[in-house]
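Visitor: Provided below are the primary sequence and the corresponding predicted coordinates.
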Amino acid sequence: MPADPRLIIALDLPGRAEAEDMVETLGDQVSFYKIGLQMLAVGGMDMARDLKARGRKVFLDWKLHDIGATVEKATAAIVGAGACDLLTVHAQPQVLAAAVKGRGGDRQAKILGVTVLTSLSGQDLAQIGYGMGVEQLVERRIRQAVDAGADGVVASPHEAALARRIGGPDFLVVTPGVRPDWAGKDDQARAATPLEALQSGASHLVVGRPVTAAADPRDAARRIAEEMSAA
């Protein structure tokens, strides 16, 4: 079946050669790829530009977080390079506002605020020092993303419905922590199946190891796309 543009495959692999091999293996079954920090030091930016030149979409999951002036300049440089369709920053008011300002008038590059990492539980937040639970913190950060003019958020499937309700129909809700029933949960504390995530309000699903670590990655991506079509 054709590539589902809502499916983003995470290229969290040791190096560019392995990532290129995965793109070749998946072929026309996948049209959207995530490049994270793991790939940054091994040619991630160059690969992002190459993928764009080949007609693929790119999600740069770099989770920018610094003083406003630095985030603004970094966002301007990344967007100016034409290397991404989605770019993440931490969903804190100053960071969000700076990224939106740095993006400028280029609305093709979408700014996403990262709410709470899907590896974190309520107990983890308490250990960090937050005085609120996961859903409370996610809700606050979704509202801050909306107020800053960001295009969407990254949130677990468990908070996708909340993000959809607050952000509205055009708000992007990108959900990592997506695991088909036939895949392990790995290190995701708040996971859900592709169908559950879409039914909850997700606009895009980020899937990594269930595809990239599968014996047959292309078949795994096809099976996920089939499940997504049911939504």
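Guide: Cool, got the structure.
Visitor: Which helix or which strand is home to the residue nearest the centre of the chain?
Guide: Nearest to the geometric centre of the chain sits V174, at 5.3 Å (CA atoms, centre = their mean). According to DSSP states H and E, V174 maps onto strand 172-175.
Visitor: Around the nearest residue to R16 once chain neighbours are set aside, count how many other residues there are.
Guide: Of all residues not flanking R16 in the chain, G43 sits nearest, at 4.1 Å (CB to CB, 6 or more residues apart in numbering). Bear in mind the C-beta positions are built from the backbone N, C-alpha and C, glycine included. By other CB atoms under 10 Å, the residues close to G43 number 16.
Visitor: dump the residue contacts of the residue nearest to the centre of the chain.
Guide: V174 makes contacts with 8, 59, 86, 112, 152-155, 202-206, as judged by CB atoms under 8 Å, 6 or more residues apart in numbering.
Visitor: so of those residues, which ones are in helices?
Guide: Assigned to helices by DSSP state H, none of these qualify.
Visitor: pLDDT check: weakest of these?
Guide: Minimum pLDDT across those is recorded for A155, with 89.
Visitor: quick one: that one and V138 touch, right?
Guide: Yes - judged on CB atoms under 8 Å, A155 makes contact with V138 at a distance of 5.7 Å.
Visitor: what's the single longest strand in this structure?
Guide: The longest strand of the chain (DSSP state E) is strand 57-64.
Visitor: one step back: tell me which strands the strand holding V174 pairs with, and in which orientation.
Guide: According to DSSP bridges, strand 172-175 has the following sheet partners: strand 152-154 (parallel), strand 204-207 (parallel).
Visitor: Averaged pLDDT, that strand. What do you get?
Guide: When pLDDT is averaged along strand 172-175, the result is 97.
Visitor: so L172 touches G113, yeah?
Guide: No - using CB under 8 Å, L172 is not in contact with G113, being 10.1 Å away.
Visitor: shared neighbours, those two?
Guide: With CB under 8 Å, 6+ apart as the test, L172 and G113 both reach 152-153.
Visitor: out of the two, which sits in the busier spot?
Guide: Neighbour totals were compared for L172 and G113, and G113 leads with 28 against 19 (other CB under 10 Å).
Visitor: List the contacts of that one.
Guide: The neighbours of G113, taking CB under 8 Å, 6+ apart as the test, are 88-91, 96, 141-142, 144-145, 148, 150, 152-154.
Visitor: rewinding a little: give me the distance between the residue nearest to R16 and L51.
Guide: G43 sits 12 Å away from L51, going by CB to CB, to the nearest Å.
Visitor: Also A161?
Guide: Separation of A161 from L51 (CB to CB): 31 Å.
Visitor: between the two, who's got more neighbours?
Guide: The residue with more neighbours, out of A161 and L51, is L51; 22 against 15, by other CB under 10 Å.
Visitor: which element is the more buried one on?
Guide: Element membership of L51, judged by DSSP H and E, is helix 44-53.
Visitor: Where does the prediction get shaky in the chain?
Guide: Applying pLDDT under 70 to the chain flags residues 1, 183-191.
Visitor: so where do the helices sit in it?
Guide: For the chain, helices defined by DSSP H occupy the ranges 16-26, 37-40, 44-53, 68-80, 93-103, 122-128, 134-148, 160-167, 194-200, 209-212, 217-229.
Visitor: buried set for the fourth one?
Guide: Think helix 68-80. Neighbour counts over helix 68-80 (16 or more other CB atoms under 10 Å) mark 68, 71-72, 74-76, 78-79 as buried.
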